[in-house]
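>>> Build me a structure from this.
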Amino acid sequence: MGTTMKYRKLGRTGLDISVIGLGTMTWGFQNTPEEGFAQMDYALECGINFFDTAEMYAIPPSSETFGRTETIIGNWFASRLNRDKVILASKITGPGLPWVREGNNVIDKKNIVLAVEASLKRLQTDYIDLYQLHWPNRGSYHFGQVWDFSPKFDVQMEEDNFLEVLQTLQVLIQAGKIRHIGLSNETAWGVMKWLQLAQQNNLPRIVTIQNEYSLLCRHFEPDLSEIAIHEDCGLLAWSPLSRGLLSGKYLDGARPEGARLMIDPRIEHRAGSPVDAAVKRYIELAQRYDLDACQMALAFVHGQAFVNSTLIGATSMVQLKSNIDSIDLNLPAGLNQEIEKIRREYPMLY
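Okay, here's the model as predicted:
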């Protein structure tokens, strides 16, 4: 364990979070509680102080797995007595899952209060450091929906909802149940509207945006990256290895036994020949520089000025250790130039 963890400010909060954050969504389905404990122990030893979870985890989402990951984290806190060592992020589920609060779930005052209380109980803690909105009520272009994303909504109704949510979150902050707030799977319009309404009404300010970002998925640029930098509202990058595709293990239709795509029944929108072609190019590039392809891909994300933390999600300790070791890798200028050449050949893959 020779890594030297790096840290960046969480928005304007003054908190320093590790540039590698520990994603947790596999614990409770693909990973056992014991494996989750081992991952948290090792991550903390390596200097990772930022853990990200959500009420809807474990993944794949179902009524049976809902809340399991938070329960595992809560049991770990109770066992280790180290809640103060972790900056903990969780999320309220957006609308669309019929088993969440009897299918009546939208992000509003009633559901936020219910969700926060339930998460605190499962997590066995008095507070959540960063509470995020998992996806907007009006929908998201993530999860394979970018090609058909054409938002139609009543602006006044959205603004009224945003104000209700911010006021509710303010009460929860004043009560000490959450400390800071963030967005997830949000657009440039949405982020700026949240920031604008908070400023105009003296309400809590959004400190982060958690969106998908990787060598294969760069929708965050250029508009959201500009906001992230100049509004101090940095990216928490999820799926930085494109759900494992950048490892090459799924090339040409391969489906290794026990791999996530074999376990998750949902259609994988990222897979396909254009993505395979780009993955092969990135793997060849890593080999040319004598690098591990996954570590190169993670180091690319770490190196972006608009990124606060790269959220890794490993299903084995071997993967976890390799992913964490990427913090010591600084990509040379020549390699970054090669990445940009490949990107221009494959500009928008999913």
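
>>> which helices and strands does the longest helix seen in the chain pack with?
Ordering each helix of the chain by length in residues (DSSP state H) puts helix 155-174 first. Here helix 155-174 touches helix 109-123, strand 128-133, strand 178-184, helix 188-201, going by 3 or more CB pairs under 8 Å, 6 or more residues apart in numbering; DSSP states H and E. Backbone N, C-alpha and C define where each C-beta goes, glycine included.

>>> Please produce TSV containing these, extended by distance to Leu246.
Conversion of those to TSV gives the following (distance: least, CB to CB, whole Å):
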stretch	distance to Leu246
helix 109-123	31
strand 128-133	25
strand 178-184	21
helix 188-201	26
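
>>> Need those in TSV (columns: mean pLDDT, distance to Ile342 and mean neighbour count).
Compiled in TSV, the helices and strands packed on helix 155-174 are given as follows (pLDDT from 0 to 100; distance: least, CB to CB, whole Å; neighbours: other CB atoms under 10 Å):
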stretch	mean pLDDT	distance to Ile342	mean neighbour count
helix 109-123	98	40	18
strand 128-133	98	31	24
strand 178-184	98	28	23
helix 188-201	98	25	16
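
>>> where does the stretch 201-350 of the chain have low pLDDT?
258, 260-263, 265-266 (pLDDT under 70).

>>> hang on, the earlier thing: for the longest helix of the chain, buried residues please.
By neighbour count on 16 or more other CB atoms under 10 Å, the buried set for helix 155-174 is Glu158, Asn161, Phe162, Val165, Leu166, Thr168, Leu169, Gln170, Leu172, Ile173.

>>> Next, the residues that contact that helix from outside, please.
107-109, 112-113, 116, 131, 133, 137-138, 178-181, 193-194, 197-198, 201, 203-204 (CB atoms under 8 Å, 6 or more residues apart in numbering).

>>> between it and strand 128-133, how big is the angle?
170 degrees (axes from the mean of the first three to the mean of the last three CA atoms, to 10 degrees).

>>> Only the C-alpha atoms, please, for helix 155-174, written as CSV.
Taking Å, rounded to 0.1, in the frame of the first residue of the first chain, the C-alpha atoms of helix 155-174 are listed here in CSV:
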residue,chain,number,x,y,z
VAL,A,155,-40.8,26.0,-15.8
GLN,A,156,-42.8,27.6,-13.1
MET,A,157,-43.8,24.2,-11.6
GLU,A,158,-40.1,23.2,-11.7
GLU,A,159,-39.0,26.3,-10.0
ASP,A,160,-41.7,26.0,-7.3
ASN,A,161,-40.6,22.4,-6.7
PHE,A,162,-36.9,23.5,-6.5
LEU,A,163,-37.8,26.1,-3.9
GLU,A,164,-39.8,23.5,-1.8
VAL,A,165,-36.9,21.1,-2.0
LEU,A,166,-34.3,23.7,-1.0
GLN,A,167,-36.5,24.9,1.9
THR,A,168,-36.9,21.3,3.1
LEU,A,169,-33.2,20.7,2.9
GLN,A,170,-32.5,23.9,4.8
VAL,A,171,-34.7,22.7,7.7
LEU,A,172,-32.8,19.3,7.7
ILE,A,173,-29.5,21.2,7.7
GLN,A,174,-30.6,23.4,10.6
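
>>> Go ahead and measure how far it is from the middle of the chain.
22 Å (CA atoms, centre = their mean, to the nearest Å).

>>> show me the residues around the residue nearest to the spatial centre of the chain that make contact.
Nearest residue to the geometric centre of the chain (CA atoms, centre = their mean): Trp238, 3.5 Å. Going by CB under 8 Å, 6+ apart, Trp238 touches Gly23, Asp52, Ser184, Gln210, Asn211, Glu212, Tyr213, Leu311.

>>> Just list the residues touching the closest residue to Asp223 other than its chain neighbours, thanks.
Nearest non-adjacent residue to Asp223, counting by CB to CB, 6 or more residues apart in numbering: Ala188, 4.3 Å away. Shown in contact with Ala188 (CB under 8 Å, 6+ apart): Asp223, Leu224, Ile227.

>>> are any of those buried, and which?
Buried, going by 16+ other CB under 10 Å: Leu224, Ile227, out of those.

>>> how about the helices in the stretch 201-350 of the chain?
223-230, 260-263, 273-288, 293-302, 317-325, 333-345 (DSSP state H, counting those that start in this stretch).

>>> that older thread, setting aside sequence neighbours, what's the nearest residue to the residue nearest to the centre of the chain?
According to CB to CB, 6+ apart, the nearest residue to Trp238 is Leu311 (5.0 Å).

>>> Touching, the one you found and Thr24? I think so.
No. Assessed by CB atoms under 8 Å, Leu311 is found out of contact with Thr24, at 9.2 Å.
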